[in-house]
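Engineer: show me how the following folds:
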Amino acid sequence: MMYRIKTQGREFFMFGEFNLIDTYFSNRQSQRKDVSLALGDDCALVKAPENVRIAISTDTLVAGTHFLTDANPAWVAHKALSSNISDLAAMGATPAWVSLALTLPSVDEAWLKPFCDAFFELANYYNIQLIGGDTTKGPLSITLTVQGFVPQELALLRSGAKVGDWVYVTGELGDSQAGLDVVLDPSLRHKPFAQELEKRHYLSTPRILAGQALLHLASSAIDISDGLVSDLKHILHRSNVGASLDVGALPISQELLQFVGERQIAQQYALTSGEEYELCFTVPEHNRGSIESALAHCGCKVSCIGQIRPQGIFELQHQGKKLNWQLSGYDHFKVNE
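Structural biologist: Here you go, the predicted structure:
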């Protein structure tokens, strides 16, 4: 049985193990053709197409660290799954399967139903099948392992950026940090667009189509989970290069501008905001003219925000002037309960 509830080595049946599985996890999805066996046995059995690599990513979300215990369970489910899907997008992969390990203090039907409804809604949208997992008694946490396919030798890596490449991002940046501010400080709820920004913090959109469109165009890519500055530096480190960014080119929403009140503050949010799950990628000069047309069908804007420089250089500039902003990356929030 793929889902078990255990405490101190013994199974417990407050709700009933099999009822839990049948009610919340079984028969929620159509069977993918590449899944031979999913829930109901010791292991799932799957098969991959020829000439592909399997991309695998695992993330854990812990109550009090990544979300408040009283957060909307539907939003928590979306955040957990979308953050994992975003890792596949950053590699240019097509999602296929997911495993879920869910630790629960108790079997709370009022929490489980909206969580599972939102989880399967998002999974079905991206044609991802739940193939297994585990459920255990303990502090609330969610661990997901997603797997997808990427054409052999074409995966987008962090290590391919070259001097002269252009730096791009998808979407708009900074909204997630503003939403987190509202989560942690309810007194901010009176500010313009506070509730919308809080929603955006939880309900990101994985850029799967954009990642796939970049397979033949981008030289490197990463998803923005720890803030643009921090994540771009991962590319710079792996590629042995530097970068220059134009803060005036950062894509910023009108909602963020009105929430923070000053463009410079909004720009700093855009540089440091984590859990955005947009893509940051680099493009060689000879592919630059193809970017907008390639991403036209992806449903997201794309912005060129800088250029790759020689190793050791990292600078922020605006209208040709260097900025001496001291910025730190995003630190997944910790909540004292």
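Engineer: surely residue 85 touches residue 146?
Structural biologist: Yes - assessed by C-beta atoms under 8 Å, residue 85 is found in contact with residue 146 at 6.2 Å. Where you see a C-beta, it was placed from the backbone N, CA and C, and this is true even at glycine.
Engineer: what does the domain assignment say about the chain?
Structural biologist: 17-151, 165-323 (the TED database).
Engineer: tell me the contacts of residue 188?
Structural biologist: 181-182, 194 (C-beta atoms under 8 Å, 6 or more residues apart in numbering).
Engineer: should've said residue 145
Structural biologist: Contacts of residue 145 by C-beta under 8 Å, 6+ apart are 56-58, 84, 98-99.
Engineer: residue 198: which of the residues you listed is nearest?
Structural biologist: Of all these, residue 198 sits closest to residue 84, with 21.4 Å by C-beta to C-beta.
Engineer: name the residues of stretch 291-311 that are buried.
Structural biologist: Neighbour-count burial for stretch 291-311 flags 291, 294-295, 298, 300, 302-303, 305-309 (criterion: 16 or more other C-beta atoms under 10 Å).
Engineer: same check, this time on stretch 124-140
Structural biologist: 126, 128-135, 137, 140.
Engineer: just the C-alphas of that stretch, formatted as CSV.
Structural biologist: What follows is stretch 124-140, C-alpha atoms only, in CSV (Å, rounded to 0.1, in the frame of the first residue of the first chain):
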residue,chain,number,x,y,z
ASN,A,124,-4.5,17.4,-14.0
TYR,A,125,-3.9,20.8,-15.7
TYR,A,126,-0.2,19.8,-16.3
ASN,A,127,-1.1,16.2,-17.0
ILE,A,128,0.9,15.0,-14.0
GLN,A,129,-0.2,11.7,-12.4
LEU,A,130,0.2,10.9,-8.7
ILE,A,131,1.9,7.6,-8.7
GLY,A,132,2.7,7.0,-5.0
GLY,A,133,3.9,8.4,-1.7
ASP,A,134,3.3,8.0,2.0
THR,A,135,1.3,9.6,4.8
THR,A,136,2.7,9.8,8.4
LYS,A,137,1.6,11.2,11.7
GLY,A,138,3.7,14.2,12.8
PRO,A,139,4.1,18.0,12.4
LEU,A,140,2.5,19.2,9.2
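Engineer: what's the span of stretch 265-279 from first residue to last?
Structural biologist: Here the two ends of stretch 265-279 are set 22 Å apart, with distance taken as C-alpha to C-alpha, to the nearest Å.
Engineer: what segments of the stretch 101-250 of the chain are helices?
Structural biologist: 109-125, 175-184, 194-202, 208-213, 228-239 (DSSP state H, counting those that start in this stretch).
Engineer: now these in JSON lines, with distance to residue 34 and mean pLDDT?
Structural biologist: Formatted as JSON lines, the helices of the stretch 101-250 of the chain follow (distance: least, C-beta to C-beta, whole Å; pLDDT from 0 to 100):
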{"stretch": "helix 109-125", "distance to residue 34": "15", "mean pLDDT": "95"}
{"stretch": "helix 175-184", "distance to residue 34": "33", "mean pLDDT": "96"}
{"stretch": "helix 194-202", "distance to residue 34": "30", "mean pLDDT": "97"}
{"stretch": "helix 208-213", "distance to residue 34": "17", "mean pLDDT": "97"}
{"stretch": "helix 228-239", "distance to residue 34": "31", "mean pLDDT": "97"}
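Engineer: tally of neighbours for residue 103?
Structural biologist: The number of residues packed near residue 103 is 18, by other C-beta atoms under 10 Å.
Engineer: what residues are up against the nearest residue to residue 62 once chain neighbours are set aside?
Structural biologist: Spatial nearest neighbour of residue 62, chain neighbours left out: residue 141 (4.6 Å); criterion: C-beta to C-beta, 6 or more residues apart in numbering. Residue 141 sits next to 60-63, 102-103 when contact means C-beta under 8 Å, 6+ apart.
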